[in-house]
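Q: Quick one, what's the 3D model for this:
(2 chains)
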Amino acid sequence: MWSWDFAISILPQLLQAMIVTIEATIVGFVIAALLGLLWTLCKRSPFTPLRIAVNAFVEFIKSTPLLVQLYFIFFVFPAFGVSLSPFLAGVLGLGLHYSTYLTEVFRTGIDAIPKGQWEAGSALNFSRVKIWTQIIMPQAIPPIIPMLGNYFIVMFKETPLLSAISLVEMVQTAQMIGSASFRYVEAFTDVGIIFLVLSYPASLIVGVINKRIKQRFGQSI
Amino acid sequence: MNEHVAGEPLVKYRNIGKRFGATEVLSDINFDIYPGEKVAMIGPSGSGKTTLARMLMTLEKPSKGTIEVGGELLWHRNVNGRLMEANASHLRKVRGQIGMVFQHFNLFPHMTILRNIMEAQVHVLGRTKQEAKEQAVKLLEKVGLADKCNAYPAQLSGGQQQRVAMARALVMKPKIMLFDEVTSALDPELVGEVLEVIREIAEEEEMAMLLITHEMAFARDIADRVVFMAEGQIIEQGPPKQIFNQPKHQRTMNFLSRFSAQSQSV
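A: Sure, this is the predicted structure:
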């Protein structure tokens, strides 16, 4: 049944699609990180209505399925005049969904900074913005890098969902190869192997970073 | 010591009260600090000394009353004769005259010693990096740590960290510097080096100092005035000799006798 020749012959096509998968992961992660940080800052705002609104929004996004959100962005937004390409809709949905997890990660990092650091910043008359950029964030980020790395890998493995809104990434490509040749086994086995070859070393790298950070900062969170 | 205690007070606490929930930690405090004056504040833990200093540093908000620094309201603005809460930019403006050294040093652990002292000069005072570095090195020499420029705080002993923290506050040239039990978190053998630096600062610098301390001998030595606080009130104040040798209040006597008994038993 299994044909080595076929499995190898479709690799170039799949690797081409892998680039789309990686691009979607990276862009999605950047969106998730930026939005996640924004939520974290909003949740600490002294302005109560903003805090309540952001908390409600984050909980809402977190408790609804990513697939539904993707459909909504891709199929419902055009009704309001916002038509996005599959890639744009996909990274937006992925980024938005995971921003609600990353906001928790940022919060953990920021909460771990002792109160004395804020007070020292204040006592030296740093502006609010400078306290964040010079004192708090440079200390809050390094310990959470492993957690961010793990979410990056999780997001990478979630990208096949984007095939549901017709983004031609790896799984969609395998699907097309399968339906054209009736050789699903080779196509999906290849995809599985490519994911494994990418995710496993990535998780090893995260492990190494985690160890380094533990050595440097005493303990990670 | 400094006898140029005259003219208008630099800091005026007026009818200051502070409560945390149902607990009243300060009640109706009226208290002045004059330019250049070195004031030592003593008293049992929980008497409100630290809260008083933290209010001046704008880390704690008074529940009632006003504080003036250099003739300007700190927590309030006077709008057509009515007191309004000050906004962030007003706080920043007035706060620039105040510096503080903390019990737990609070150095920035991700920066070298040099950068710890340069950072606020660059980002707050707008000095150039070169200028900030020169000033930082000068102050590190003063506290005897010029060789530690490139070390990180975690590589220093507690006493050294506290000396860096003093250099960091001093480089901003505040008009008044607050020392909040700066030797309390140190191992006993490291207390001396920190007190020595404070003594030097007190002798050389023009600025006023408010020193909250449990080091009675030290307070007697360097202060122009000693203030005794208990239960959120100023019980008595006066020249060190008077407070330590002829305290007027029973409470002060009790506190001081307990203290000397304790330090003898150690």
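
Q: for stretch B:37-56, how far is the first residue from the last?
A: With CA to CA, to the nearest Å as the measure, the first residue of stretch B:37-56 is 16 Å from its last.

Q: For it, buried residues please.
A: Neighbour-count burial for stretch B:37-56 flags B:37-44, B:47-56 (criterion: 16 or more other CB atoms under 10 Å in any protein chain shown). For glycine as for every other residue, the C-beta is placed from the backbone atoms N, C-alpha and C.

Q: Show me what the mean pLDDT comes to for it.
A: In this model, stretch B:37-56 carries a mean pLDDT of 94.

Q: and that stretch, how far from the chain's centre?
A: Remark: stretch B:37-56 is offset 8 Å from the chain centroid, using CA atoms, centre = their mean, to the nearest Å.

Q: do stretch B:15-22 as well
A: On CA atoms, centre = their mean, the centre of stretch B:15-22 falls 21 Å from that of its chain.

Q: Nearest the geometric middle of chain B, what residue?
A: Taking CA atoms, centre = their mean, the centroid of chain B lies closest to residue B:178, which sits 1.2 Å from it.

Q: Among the buried residues of stretch B:37-56, which ones are in helices?
A: Among the buried residues of stretch B:37-56, the members falling in helices (DSSP state H) are B:49, B:50, B:51, B:52, B:53, B:54, B:55, B:56.

Q: quick check, nearest of these to residue B:196?
A: residue B:53 (21.9 Å; CB to CB).

Q: hang on, isn't that closest one packed against residue B:98?
A: No: at 9.6 Å, residue B:53 and residue B:98 do not qualify as touching, with contact defined as CB atoms under 8 Å.

Q: Now list whatever residues contact both of these two.
A: Counting by CB atoms under 8 Å, 6 or more residues apart in numbering or on different chains, the common neighbours of residue B:53 and residue B:98 are residue B:178.

Q: Now the helix or strand where residue A:90 lies: buried residues?
A: Residue A:90 belongs to helix A:86-111 when assigned by DSSP states H and E. Neighbour-count burial for helix A:86-111 flags A:86-87, A:89-103, A:105-107, A:109-110 (criterion: 16+ other CB under 10 Å).

Q: again with stretch B:66-74
A: Residues of stretch B:66-74 classed as buried by neighbour count (16+ other CB under 10 Å): B:66, B:67, B:68, B:69, B:70, B:73, B:74.

Q: contacting residues around the third one?
A: For residue B:68, the residues meeting the contact criterion (CB under 8 Å, 6+ apart) are B:11, B:12, B:14, B:74.

Q: which other helices and strands contact the helix or strand just after the helix holding residue A:90?
A: Using DSSP H and E, the helix or strand that directly follows helix A:86-111 along the chain is helix A:115-123. Packing partners of helix A:115-123 (3 or more CB pairs under 8 Å, 6 or more residues apart in numbering or on different chains; DSSP states H and E): strand B:98-101.

Q: Each with direction, which strands does the strand it packs on pair with?
A: Paired with strand B:98-101 in the same sheet, following DSSP bridges, are strand B:176-180 (parallel).

Q: Can you show me the helices along the chain?
A: Let's take chain A. A:4-9, A:11-43, A:48-62, A:66-71, A:86-111, A:115-123, A:128-130, A:137-158, A:170-181, A:184-217.

Q: Not quite, go with chain B.
A: So, for chain B - with DSSP H - the helices run B:49-56, B:88-95, B:113-123, B:129-142, B:158-170, B:188-204, B:216-222, B:240-245, B:250-265.

Q: Point out where the chain drops to low pLDDT.
A: I'll assume chain A. A:217-221 (pLDDT under 70).

Q: was after chain B, sorry
A: B:1-6, B:261-266.
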